[in-house]
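Chemist: build me a model:
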Amino acid sequence: MKKFIALIAFAGLLVLGGQAFAEIGAIDSVPAATLLLPYFEVGLENSGSGVTTLFSVNNASAAPVVAHVTLWTKLARPTIDFDLYLTGYDVVTVNLRDIFTTGAIPQTGPNFDIGDDPISPNAPGEFSDPDAAPPGCSFPLPATIPASLREYIRNLHTGLAAPPGFDNSGLCGAQDEGNATAADGIATGYITIDVVNDCSLLFPGNPGYFADGGTGIASNLNALWGDYFLADPANAFAQGDSLVHVEAMDSVQAGFWAPGDYTFYGRYLAFDASDNREPLATTWATRYFAGTVGPFNDDSDIICWRDSGLDDSAFFACGTTPPPYPLNQNQIVIFDEQENPVVVEGSPFSPPPVGDTVLPCDCATTRANASDFGTIFDFGWFYMNLNTSTGAIPDPIKQSFVTTVHSASGLFSVGFQAVHLDSALAKTFSVTTAPADVNLPVEAP
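Modeler: Sure, this is the predicted structure:
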């Protein structure tokens, strides 16, 4: 009887799997063509931090798919990419500590699961229909990155220079953190994961990766979903949330998109909309705790991911900060639970701010403590307008993503996506002109 019920439940899953409960521009957790891990960190050997980041990539379809994973530094420089093959309804979990310390990545391919016997042509994924592979992929996919490449990513994600033997040798991809060696640092950055039509060694900004209608390396198939955890095993502590699900939709040729539209990868494509992927939001609202009352004795952490609006994938001279970083913001207002506001200075717009400039989300990816935002109440919420014209970028509209992690007593934690108040898809922008002594953010008509 239990087996019969399980079969009915699985049949229901198959029926639901073909339905779409999605809306372009809504930033909803539905199967998507691109996943964004907005922030990761890995404490390396001598850093004193045991934190690592784990994420899962899940296939929502019965057909197999290939997922292309790209790691980016905190200043949006791509460093390494690799492919994962997922059979129907498959899931692959990646521990970033393995990548940064031993170079190990999950080995995947048709008819292959970790721990199985050697590949057998008669052992397909149980639900794959069919269990096939793109002709450009060589299976099983690699299980280890070379030692030289491991040194490369360790250096670039901890603010050190790329080692000899690479085109960008001697250049940096993130700010110098003052570490003597990579082993002393904490590797940080963000990750994108795209459904692709074939295996490749291309980054999302490379020619040929995107073509309108999903006809390049990248596909428009909305099939991926996933989650992530920032985990500290030594202290029995973890913080997690869903990955950001970015859907693809139709094509420019079919008329849904038009050149000039804001899309997720638009900055790498001269905003020709050929990636066909929805953008994220620009303005957010999120709750916080200040860590000053009762069991709520830890400040909330705000995780920000931001788009500079430029193709800033080129590496730069160490000891410098390339434009348009540090990123500014239009306005941040802190409210307590009685609607009392404090305006955090740092707006690049008129009228000019008065007081100290605060840049709590100044990188492409940042984990900021709530107290970094200035004067703060015990409990309340942030209004965050993260549009910016820093770096003399002509168009101030800038997509972003915000999530908040609440902790207590060093034991309990929960993460929430902030509430997005708009979408960059709207193609409109109102500059905040509220001076610092007003009670509410005021938008210009």
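Chemist: so how far is stretch 70-87 off the chain centroid?
Modeler: Relative to its parent chain, stretch 70-87 has a centroid offset of 10 Å by CA atoms, centre = their mean, to the nearest Å.
Chemist: what is the end-to-end distance of that stretch?
Modeler: Its first and final residues considered, stretch 70-87 spans 20 Å by CA to CA, to the nearest Å.
Chemist: pLDDT below threshold where in the stretch 101-250 of the chain?
Modeler: Under the criterion of pLDDT under 70, the regions of the stretch 101-250 of the chain flagged as low confidence span 111-131, 236.
Chemist: what about the helices in the stretch 101-250 of the chain?
Modeler: 147-157 (DSSP state H, counting those that start in this stretch).
Chemist: show me where it has strands.
Modeler: 171-172, 186-196, 224-225, 227-232, 237-242, 244-246 (DSSP state E, counting those that start in this stretch).
Chemist: quick one: closest of the ones you listed to Asn58.
Modeler: strand 224-225 (4.9 Å; CB to CB). All C-beta atoms are positioned from the backbone trio N, CA, C, and that covers glycine.
Chemist: which elements pack onto that closest one?
Modeler: Contacts defined by 3 or more CB pairs under 8 Å, 6 or more residues apart in numbering; DSSP states H and E place strand 224-225 against strand 34-43, strand 52-59.
Chemist: now do 7 Å
Modeler: In terms of contacts (3 or more CB pairs under 7 Å, 6 or more residues apart in numbering; DSSP states H and E), strand 224-225 is packed against strand 52-59.
Chemist: give me the buried stretch members for the helix or strand following the strand it packs on, please.
Modeler: Toward the C-terminus, strand 52-59 is succeeded by strand 65-72 as the next helix or strand (DSSP states H and E). Neighbour-count burial for strand 65-72 flags 65-72 (criterion: 16 or more other CB atoms under 10 Å).
Chemist: domain ranges for this protein?
Modeler: Taking automatic domain parsing as the domain assignment, the record places the domains of the chain at 25-246, 281-426.
Chemist: can I get those in TSV with distance to Phe271?
Modeler: Compiled in TSV, the domains of the chain are given as follows (distance: least, CB to CB, whole Å):
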stretch	distance to Phe271
domain 25-246	12
domain 281-426	9
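Chemist: returning to that earlier point: select, out of the strands of the stretch 101-250 of the chain, the one closest to Asp28.
Modeler: The closest approach between Asp28 and any of the strands of the stretch 101-250 of the chain, judged by CB to CB, belongs to strand 244-246 at 6.8 Å.
Chemist: can you list the strands that the closest one pairs with?
Modeler: Partner strands and pairing direction for strand 244-246 (DSSP bridges) are strand 34-43 (antiparallel).
Chemist: who's in contact with the partner strand?
Modeler: 49-53, 55, 57, 96-97, 100, 186-194, 224, 226, 228, 230, 243-246, 264, 277, 303, 305, 365, 367, 401, 403 (CB atoms under 7 Å, 6 or more residues apart in numbering).
Chemist: report the buried members of the residues you listed.
Modeler: Applying a neighbour-count criterion of 16+ other CB under 10 Å, the buried members of the contacts of strand 34-43 are 51-53, 55, 57, 96-97, 100, 186-194, 224, 226, 228, 230, 243-246, 264, 277, 303, 305, 365, 367, 401, 403.
Chemist: measure stretch 154-174 end to end?
Modeler: Between the opening and closing residues of stretch 154-174 lies a distance of 11 Å (CA to CA).
Chemist: circling back to that earlier point, Ile145: which of the buried residues of strand 65-72 is nearest?
Modeler: For the buried residues of strand 65-72, the minimum distance to Ile145 (CB to CB) is 10.8 Å, reached by Leu71.
Chemist: can you give me every residue that contacts the closest one?
Modeler: Leu71 sits in contact with 79-80, 153, 189, 191, where contact means CB under 7 Å, 6+ apart.
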